[in-house]
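Engineer: structure for the following, please:
(chains A and B)
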Amino acid sequence: MTATIKSNLPVFVVIMPLFVAFVLPTFARRIRLVEGLVTATTALGFLGAGYLASLILIQNGNPINYSLGGWSAPWGIEIQVSNLSCFFLLMVAGVSLPIALFAADNMTHEVGGPQQTTRFYALYLLLGGALAGMAVTSDLFNVFVLVEVATLSCCGLVSSSNHPWASEAAFNYLILATLGSALILGGIGFLYIITGHLNMEFASHELNRVWQGYPHVVWIAASFLLVGFGVKSALFPLHVWLPDAHSAAPSPASAILSGLAVKGYAICLIKVLYNVFGIALIQDFGIHRILTLLGMIAIIAGSVFALTQDKLKRRLAFSTVAQVGYIFLGLGLANSQSLTGMLFHMASHAVIKSGLFLAAGAIIATTGKNRISEMAGVGRKMPITMAVFTICSVSLVGIPLFSGFVGKWHLLLGSLEAGNRLAQAVIIVGSVLCAAYLFPIIRVAYFEPTPVADCRDPGLPQMIALIMLAAWVIILGVVPGPFLELAKRAAIDLLVMK
Amino acid sequence: MTDLVLALASGAAGGILIALMPRAGDRLRNIVALIFSAAGTLFSWRVAGAVFAGRTIRISGEIAGLAWSLHPDPLGAVFGLIVSTLWLFAGVYSFGYMAEEQKQRTYYTYFLLAFSVTLGVAFSGNLLALYLFYELLTFATYPLVIHERNSEAMKAGSKYIIYSLSGAGAILIAIIIVYSWTGNLDFTGGPLLADCGLRPGLGWVLALFVAGFGVKAAIMPLHRWLPAAMCAPTPVSALLHAVAVVYSGVYGIVRVVYSVFGHELAGQLHLSHILPWVAAFTILVGVIIATQQDVLKRRLAYHTVSQLSYILLGAFTLHPWGLAGAICHMISYSTLKVTLFFGAGIIAKGTGKVRVSEMSGVGWQLPRTMAAFGIASLGMIGMLPLNTFWSKYYLMRGSVAMGKWQLALVLIASGLINAFCFIPTVVAAFAEKGEQPVLEKGSAMGLMLAPTLLLAGIALLIGLWPGLVWPGVDAVVNWFF
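Structural biologist: Below you'll find the model as predicted:
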């Protein structure tokens, strides 16, 4: 039994949450059981991801190839667990576990009765499964399928909130995301037309052999994919759906949407760009310059928009737009340091933003106030929640000892290596702006004189979730050890042509 | 090594302890604060003693794969001595000054935390540790700046954070460039960039470092946060905005020039001919603006801006005499400026007067305070019985030895303007003898007066017997030359 599970683990981590998601509605009447199942599934996913990561680390990054149904590539569908996959799997599992814990006590309050809660959890697990799938897949069509699954469950998660404006936000999101999906499908189609393969490795091989014959098709495919994934991962100026969607969703959903879902599409883009097109082609076509430029614009614009928001969750949502900019900037600088920094920043932002959204959710749920200007005195009434919020904010600004610093350090080294002075300046200005939009919240919560009416820290499971995320932030900032090693190896993998 | 850990831990432990005692009375809290500041002072003295005795104290480790180390050298030891000694004085003064204020728990918590962080800046042995403590200092002192919680304080606090973080950003870029050149951030084993030689971009790195640390060192035009931050309680203005925080910027610049670049490499850069003039500009403009201010604390703030550049001027001469002058001035100026601020605080508490134009006759109400204030004012001119005479002497000698005798003229001119800055106030304070009663009574007043008088006495003592601080200055100069 264990041997079967071990050898099939690469597919197990994807299938398990999907399977549980479909079983879940049958237990809708017993909400405690549903919550327990979800927590157990995410915990198991965490163990599986940890096991796979340790396996890969021991193998010095030799990928594990798994052929679905025993059909080997290029005929069958292949799953590949590489450094990058393990990195992303760990990130997904490490963040979705505390979010599931947090949701356990909170959901009925935010979405309504047990029926709706179960639906929320089913969507939550579907999204988790899709993200795990994005981590391990090495098949272009599977990428599209997983992107669709993720998109639809994201829309469902946004609309599950019982606020009246949630369905409007979800509808906007659906329209734009569907457009994005169509573009992605088109891009994949064009690639298939030229190469005749859907397996990434084979497609990449073929593409690099024949692309000179079809430069325009390659251009179209690249631009379709860039815009498609750009819409989904909220790259400025394609971010317009994000602030509404992420602020209208229930807080645990905001956390997973901002923390993980956006990153999932980014990982798909990374795979398509670096594993299919390859670094040489990216540089020939100058795609990396576009990515760098868009990234820099996103950092500045997202931060400036965040500054002007008074609603707490909207400010955090715009902050995500800015942080996505860092990911694209690192992607565009295209050297091992910048890619390491980009991956690490992705993970640290996933943890940080989940922590921020969950803390914000706890504050909004207990005080009923969602504007920053009304939060005076929250720091004294909810010390642990606000402490977690503070740790996450300081980390996002990039102070040493916290995870944000490690990512930014490598990004800065990367921009130095690329000889891009402007990028350095933008990274620093982004940090200062980040302080400018996050610290006022902390100041109001701790140092404004009028205390809010009676409110307390949330219950134990939610506290554990918050403390867990804060602990991740500090562990990643002080002793990232194997995790940073995975990011470094993944970055080198991306730059090596196969 | 235990001394180093205990010196750094005392303040933090005291701060956390006070934060955890929400119901404690003022007296108990003051006793805890006193014990922990005294412990921090004692242990940093022991660390400094060991450093001057030539022993190596080093603690190192890794954060996320990057090495950090604490490794005080003579410069760090001198900075640590100044800071820890004055912290004790400011602590005692606070007991008097803050007696009737609100939010004392927050105040003492961050007052003690900032102590630890400042010592961390002093004792850091590589750029990462220096950067970390320099950043933390901003956050540890922010609650002290906004102590009054009114809109003016909040604005000042935001200004302080934004200025400091932007400066830290510039420093981070410079650190990254140094790291990419050397793969190392440790500056205790000789100048870090000594082996790099003259290479393109070196001047930019120095400029980034100077601009970054220059924010806290209040080099014009990066000084705007400092006058705004004067809305903090007086002990904070005295200790942090005249000494600890601003000195961390000055210290950073001296550190970068002598430990990262080394005086030989720095001397080969074109920038090193410009920087003394930047300092000279700040010296003159700062003190001229100071004479225009009517609010006493703002006048003192602009005066701080001017005086900090004396130290920088000395460091930028890249000459042993100049550096000796800079270190001397670090010691001398801090005692005098804290005396001036303490005096201003006593005047404000005793009579409620904060403007220079209202000061006439104050001297008869607060005779001992104004006497100390007068002594410190004389010191700011650089008169002989006071300690600043010696620092100015070495600063001028350094400027001349460097071949820039014009800088010596700037120092003389600044001394004259300094006379206009404070002496008329002191004269006016003793001008008309009215029938006002003497206000220097009561335990709170006593707690404020004692450190003020003691510091004025120390300034006089160093002035009469400069051999008292000379071994420290000598050790720093020998360390770098």
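Engineer: got the phi/psi numbers for the residue in the stretch 251-400 of chain A positioned nearest to chain B?
Structural biologist: Relative to chain B, the nearest point of the stretch 251-400 of chain A is A:Pro400 (4.4 Å; CB to the nearest CB). The way it works is simple: take the backbone N, C-alpha and C, and place the C-beta from them, glycine included. The phi/psi pair for A:Pro400 (degrees, to the nearest 10) reads phi -50, psi 150.
Engineer: which residue is the nearest non-sequential neighbour of B:Ala371?
Structural biologist: Spatial nearest neighbour of B:Ala371, chain neighbours left out: B:Ala456 (7.7 Å); criterion: CB to CB, 6 or more residues apart in numbering or on different chains.
Engineer: my bad, B:Pro451
Structural biologist: B:Pro451 sits nearest to B:Phe89 (CB to CB, 6+ apart), 4.1 Å away.
Engineer: list the contacts of that neighbour.
Structural biologist: Applying CB atoms under 8 Å, 6 or more residues apart in numbering or on different chains, we find B:Phe89 in contact with B:338, B:451, B:454-455.
Engineer: which pLDDT value goes with the residue nearest the centre of chain B?
Structural biologist: Nearest residue to the geometric centre of chain B (CA atoms, centre = their mean): B:Val243, 2.1 Å. Listed pLDDT for B:Val243 reads 86.
Engineer: what separates it from B:Ile331, distance-wise?
Structural biologist: Distance, B:Val243 to B:Ile331, using CB to CB, to the nearest Å: 11 Å.
Engineer: and residue 246, how many neighbours does it have?
Structural biologist: The chain I'm using is chain A. Each residue near A:His246 was counted by other CB atoms under 10 Å in any protein chain shown, and the total is 29.
Engineer: wrong chain, I was asking about chain B
Structural biologist: Using other CB under 10 Å, B:Val246 has 26 other residues around it.
Engineer: that one contacts B:Gly214, doesn't it?
Structural biologist: No: here B:Val246 does not reach B:Gly214: they are 10.6 Å apart, not a contact under CB atoms under 8 Å.
Engineer: hang on, the earlier thing: what's the helix or strand for the residue nearest to B:Pro451?
Structural biologist: Assigned by DSSP states H and E, B:Phe89 belongs to helix B:74-97.
Engineer: now do the contacts for whatever residue of chain B ends up closest to chain A.
Structural biologist: Nearest to chain A in chain B, going by CB to the nearest CB, is B:Gly169, at a distance of 3.6 Å. Taking CB under 8 Å, 6+ apart, we find B:Gly169 in contact with A:428-429, A:431-432, B:212.
Engineer: how far out from the middle of the chain is the helix or strand containing it?
Structural biologist: Assigned by DSSP H and E, B:Gly169 belongs to helix B:151-182. Here helix B:151-182 is found 18 Å from its chain centre; the criterion is CA atoms, centre = their mean, to the nearest Å.
Engineer: re earlier: show me what contacts the residue nearest to B:Ala371?
Structural biologist: With CB under 8 Å, 6+ apart, B:Ala456 has these contacts: B:339, B:371-372, B:375-376.
Engineer: tell me who's in contact with the residue lying closest to the residue of the stretch 251-400 of chain A closest to chain B once chain neighbours are set aside.
Structural biologist: In space, and not counting its chain neighbours, A:Pro400 is closest to B:Leu132: 4.4 Å by CB to CB, 6+ apart. Going by CB under 8 Å, 6+ apart, B:Leu132 touches A:399-401, B:63, B:68, B:120, B:124.
Engineer: neighbour-wise, which of those leads?
Structural biologist: B:Ser124 leads these on contacts (other CB under 10 Å) with 26 neighbours.
Engineer: got a list of what that residue touches?
Structural biologist: Neighbouring residues of B:Ser124 by CB under 8 Å, 6+ apart: B:68-71, B:76, B:130, B:132-133.
Engineer: residues in a beta bridge with it, which ones?
Structural biologist: With DSSP bridges as the criterion, B:Ser124 is bridged to B:Leu70.
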